[in-house]
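Novice: Structure of the sequence below:
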Amino acid sequence: MNTLIGKKIGMTQIYSETGELNPVTVLEVGPCRVAQVRTPKVDGYSAVQLGYGEIKDKQMNKPRRGHFDKWGVPPSRHLMEVRCEPEAHKPGDTLSVEMFKVGELVHIIARSKGRGFQGVVKRHGFHGGPETHGCKTHDSPGSIGASAYPSHVMKGKKLPGQMGNARITIKNLKVVGVDTERNLLMVKGSVPGARNGIIMVRSTGRMAKR
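Specialist: Residues are numbered from 1 along each chain as shown. This next block holds a predicted model:
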């Protein structure tokens, strides 16, 4: 198992051993409980279903409650599947932040903040049209294609649309601190999403060079 579920706490600054000031993101990672184990014989693939966060019994519907009762594990608010060898874990096992080490490189998977429907100026950084002299195309994208051929807008054109609210993976962030008592993980740099947003931390098995 090289992945755990957690949430983003916020950002702060810490000094390194050499006196360098580093911006870090504080994450609460785990504890995660194994809720289900999928095997090739039954499900066609190998994976482990992880649960994170507490939830009251009255907040669950019957199918969700039955899922946890079937495997005999306490209920969790968030469930995610991670591909791994199923022989290493069984339902009810608890995984914590202890699996990560200072100096290790990790990948952070999170969902960015949603910005709603935005125009090309905010979404793609277009300059926009002139603000004076009778201009009527201040924030519009302008000409977007030909007429007779190909008679349609080419795919990938930068146009207005939904901004943010997308799954983003930030690779190779360095772990600069691990607090096993409070289940906190500190990584150098920023992490997408708002405070208390759900994230996944995936170990790369590699150490930072410096």
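
Novice: three-state assignment of the closest residue to residue 180 other than its chain neighbours?
Specialist: Using CB to CB, 6 or more residues apart in numbering and skipping residues adjacent in sequence, the residue nearest residue 180 is residue 98, 5.3 Å away. For the C-beta atoms, the positions are set from N, CA and C on the backbone; glycine is no exception. Secondary structure assignment for residue 98 (DSSP: H, G, I helix; E, B strand; the rest coil): helix.

Novice: where along the protein do the helices fall?
Specialist: In the chain, helices defined by DSSP state H lie at 62-71, 120-124, listed in chain order.

Novice: what's the pLDDT at the residue lying farthest from the centre of the chain?
Specialist: Largest separation from the mean C-alpha position in the chain: residue 133, at 46.4 Å (CA atoms, centre = their mean). Note for residue 133: predicted pLDDT of 87.

Novice: Begin at 5 from now on, thanks
Specialist: Okay, residue one is now 5; in that scheme the one you just asked about reads as residue 137.

Novice: any idea how far it is from residue 125?
Specialist: As judged by CB to CB, to the nearest Å, residue 137 and residue 125 stand 19 Å apart.

Novice: just to revisit the earlier point, columns distance to residue 14 and mean neighbour count on top of the helices of the chain, output as CSV?
Specialist: Converted to CSV, the helices of the chain look like this (distance: least, CB to CB, whole Å; neighbours: other CB atoms under 10 Å):
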stretch, distance to residue 14, mean neighbour count
helix 66-75, 30, 13
helix 124-128, 25, 16
